[in-house]
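Asker: Next one to model:
(2 chains)
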Amino acid sequence: MKSAVIILPGLNRDRDMIAALTKISGTPPVTVWQTETTIPADVDLIVIPGGFSYGDYLRCGAIAARMPVMQAVRDAAARGTRVIGVCNGFQILLEAGLLPGALMRNASLKFVCREVKLEVVNTETAFTSLYTKGQIIRCPVAHHDGNFFADPDTLARIEGQGQVVFRYAEGTNPNGSLNDIAGLVNESGNVLGLMPHPENLIESAHGGADGRPLFEAALGAVAA
Amino acid sequence: MIKARVTVTLKNGVLDPQGKAIEGALGALGFDGVGHVRQGKVFDLELQTDDRTKAESDLKAMCDKLLANTVIEDYAIEMA
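Answerer: A predicted model of the protein is given here:
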């Protein structure tokens, strides 16, 4: 499978993401700059990495979400292409309207940079099929605005439809997210947003590989 | 030219951790009886038009498309 990484000014996790995708798929992803209006048609997985696009000005991800490349991401998602947004990438997907809800300032008002535990609550997605339901995995987080919010109707809908994929487990909710939500998919199940950084836990040099199955599943292949 | 001010505030029911912290700081300064502090944003804009109807519809579109996140925020428009 071929992957693409979206590049915007102010992102800083793009190199980690490119390294992870390269190691896991065996092929480097193509990189697509924010002003591009198309993404190569043979790309099966688009990733928006983390960082601080546009300095978090206005709202986290707000300006990035209005850049030309995001229309191409929207079109690809509508065609069924898999899309993952990590951290700032999650914020951008929400601001672009590709996922429901919003991410607010952490309840503690502090930037959190530490490891949390995640419960995989839905394994029937293209991203989580290699985990087992209820599995607790380790994952690092690093963010200031990861406090998931949705109005009660939206929250009931995404919970009812199984769109919540990852929850912070065992009292590790670092930001006050409603229902401990750490990651969710869209209604079609092909767009995933999550605050934690699975790309930073993919090999023994990272001290663990709990994030690796996510990319293996999303890429539909394991490097030889 | 029309000068406009857009005020963006959090919707009722949306938790505002920053407002809460400000409320706590006001209390620490000795301002008793201050409650429900909510933080928002103000944008001042100049529009190169004299058509107030168009200016208002443009400002609404700007709010819906960029200045406010209507999932969590409301906005108000004033034109001078």
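
Asker: all strands of chain A, in order?
Answerer: Remark: strands assigned in chain A by DSSP state E are A:2-7, A:30-33, A:43-48, A:82-86, A:102-104, A:112-120, A:136-143, A:147-149, A:164-168, A:181-185, A:191-194.

Asker: Show me what from chain B comes close to chain A.
Answerer: Contact residues (Cβ under 8 Å from any Cβ of the partner chain) of chain B with chain A: B:13-15, B:17-18, B:21, B:65-67, B:69, B:71-72. To be clear about C-beta, it is placed using only N, CA and C from the backbone, and glycine gets the same treatment.

Asker: Can you check which of the strands of chain A gets nearest to chain B?
Answerer: Nearest to chain B among those is strand A:102-104; the distance by Cβ to the nearest Cβ comes to 4.5 Å.

Asker: quick one: contacts of the closest one?
Answerer: Contacts to strand A:102-104, defined as Cβ atoms under 8 Å, 6 or more residues apart in numbering or on different chains, come from residues A:60, A:90-91, A:94, A:145-150, A:195, B:14-15, B:17, B:69, B:71-72.

Asker: Which of those residues are buried? Put it as a ChimeraX command.
Answerer: Those of these that count as buried under 16 or more other Cβ atoms under 10 Å in any protein chain shown are selected in ChimeraX with:
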select /A:60,90,91,94,145,146,147,148,149,150,195 /B:14,17,69,71,72
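
Asker: what residues does chain A put near chain B?
Answerer: So chain A meets chain B at A:58-59, A:62-63, A:66, A:94-95, A:100-102, A:104-109, A:147, A:149-151, A:176 (Cβ under 8 Å from any Cβ).

Asker: picking that back up, tell me the most buried of the strands of chain A?
Answerer: Highest mean neighbour count among the strands of chain A (mean count of other Cβ atoms under 10 Å in any protein chain shown): strand A:181-185, with a mean of 29.

Asker: model confidence over that one, on average?
Answerer: Strand A:181-185 shows a mean pLDDT of 98.

Asker: residues near residue 18, how many?
Answerer: Here I'm looking at chain A. Counted by other Cβ atoms under 10 Å in any protein chain shown, the residues lying close to residue A:18 total 20.

Asker: oops, chain B please
Answerer: 14.

Asker: ok, now how distant is the residue lying closest to residue A:174 once chain neighbours are set aside from residue A:54?
Answerer: Using Cβ to Cβ, 6 or more residues apart in numbering or on different chains and skipping the chain neighbours, the partner closest in space to residue A:174 is residue A:112 (4.3 Å). Applying Cβ to Cβ, to the nearest Å, the value for residue A:112 to residue A:54 is 22 Å.

Asker: hey, where'd the strands end up in chain B?
Answerer: Here chain B has its strands, by DSSP E, at B:2-10, B:41-47, B:73-79.

Asker: Tell me what angle the last one forms with strand B:2-10.
Answerer: Angular relation of strand B:73-79 and strand B:2-10 on a 0 to 180 degree scale: 160 degrees, by axes from the mean of the first three to the mean of the last three Cα atoms, to 10 degrees.
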